[in-house]
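Asks: I would like the atomic coordinates for the input below:
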Amino acid sequence: MQSATAMIGIDAGNSAVKVALLRKGEVDRTVAVSTRPVDRLCGELVSYAGDFSGIPEAELAVVSSVCPEANAAIEKFARTLDSVRSFFFLARRHVPLRISTAVTHPDTVGIDRLLCGYAAAELYGFPCVVIGAGTAVTVDLIGDSGEFEGGAIAPGFRLAARSLSEWTSCLPEVAPKAPESICGRNTEEAIQSGVYHFCRGGATMLGKGLRRSCKGDAVTVMTGGDLEYLGALDVGGRCYSDPHLLFKAIWHIGQTGPEPGE
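Replies: This is a model prediction of the structure:
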């Protein structure tokens, strides 16, 4: 594949679809729309991401999707971008990251986890722990040999808050935020404190545990759409925040990866 100076990256998650213009490995600009309802997704993308059309050098669109029901709408949107001549959906075989033989079902590992693990190892070195804050909070390990070793998945900040409302009779849905006090003085504050410290505390404990499993001094890389809620985690060692980690992986794979359609 011929090296490009720009491309369109699309990250289709369960909560949001993000479209980014990538130039020379950096994120130029992004737009995010709600993934659901899926039947309105293409129209929403065209409305909010119309400025991604007509960029002559952006002839390639590369898609990472963990939401298969959104794929048809994403493909339809990509075809509205008049500069895009080709695009492809990333699969596990496209990601140059080895998966440990200890992972029992490698074909089921989310493409987003693999992409972030690949970019973290390439940009920050390994062993490394990758903490992602999105619909789910994921904590994954790229081990001493540079292989994806597995990790942990838990409800993310918004999902945890929403589930309390959906699965109880009296608890309201509360937007996640850093609480003013660990001790909530009313129901809303109690939910905010519980969700915030539950997610951050879990990510911290898992990050420390995975670091301890490494022989080398593992670096920690944090990413994801809800990165702001994670803040600074005390997991030990070097720790970096990189909100565009997945798009950086898309850039590198789009530059050196397979021809579209492979």
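Asks: return the residues in contact with the residue lying closest to residue 91 once chain neighbours are set aside.
Replies: Sequence neighbours aside, residue 111 is the residue nearest to residue 91 in space, at 7.0 Å (criterion: Cβ to Cβ, 6 or more residues apart in numbering). All C-beta atoms are positioned from the backbone trio N, CA, C, and that covers glycine. Going by Cβ atoms under 8 Å, 6 or more residues apart in numbering, residue 111 touches 64, 65, 66, 90, 91, 92, 95.
Asks: which residues touch the residue nearest to residue 241 when sequence neighbours are not counted?
Replies: Nearest residue to residue 241, sequence neighbours excluded (Cβ to Cβ, 6+ apart): residue 222, at 5.0 Å. Going by Cβ under 8 Å, 6+ apart, residue 222 touches 130, 131, 132, 133, 230, 233, 239, 240, 241, 242.
Asks: swap in residue 16?
Replies: Counting by Cβ under 8 Å, 6+ apart, residue 16 has contacts 32, 33, 34, 35, 225.
Asks: these two touch, right, the fourth one and residue 70?
Replies: Yes. With contact defined as Cβ atoms under 8 Å, residue 35 and residue 70 form a contacting pair (5.6 Å).
Asks: quick one on the thing from earlier: and the contacts of residue 16 as a markdown table, adding pLDDT and neighbour count?
Replies: Listed next are these as a markdown table, based on pLDDT from 0 to 100; neighbours: other Cβ atoms under 10 Å:
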| residue | pLDDT | neighbour count |
| --- | --- | --- |
| 32 | 94 | 16 |
| 33 | 95 | 18 |
| 34 | 95 | 12 |
| 35 | 96 | 23 |
| 225 | 92 | 21 |
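Asks: so which of these sit within strands?
Replies: 32, 33, 34 (DSSP state E).
Asks: which one of those is nearest residue 140?
Replies: Nearest to residue 140 out of the ones in strands among the contacts of residue 16 is residue 32 (Cβ to Cβ; 22.7 Å).
Asks: those strands in the stretch 101-250 of the chain, which residues are they?
Replies: Along the stretch 101-250 of the chain, the stretches classed as strands by DSSP state E, counting those that start in this stretch are 128-133, 136-142, 148-155, 219-223, 239-241.
Asks: and residue 57, which of these is closest to it?
Replies: strand 219-223 (26.4 Å).
Asks: just checking: what are the partner strands of the closest one?
Replies: strand 128-133 (parallel), strand 239-241 (parallel) (DSSP bridges).
Asks: give the rounded mean pLDDT of the shortest one.
Replies: I take that to be strand 239-241. Across strand 239-241, pLDDT averages out at 96.
Asks: and that strand, which residues are buried?
Replies: For strand 239-241, burial by neighbour count (16 or more other Cβ atoms under 10 Å) applies to 239, 241.
Asks: so what secondary structure elements neighbour the helix or strand bottoming out on mean pLDDT in the chain?
Replies: Least confident helix or strand of the chain, by mean pLDDT, DSSP states H and E, is strand 86-89 with a mean of 89. For strand 86-89, the packing partners by 3 or more Cβ pairs under 8 Å, 6 or more residues apart in numbering; DSSP states H and E come out as strand 60-65, helix 71-80.
Asks: so which residue is smack in the middle of this protein?
Replies: A centroid search over the chain (Cα atoms, centre = their mean) returns residue 224, at 4.8 Å, as the residue closest to the centre.
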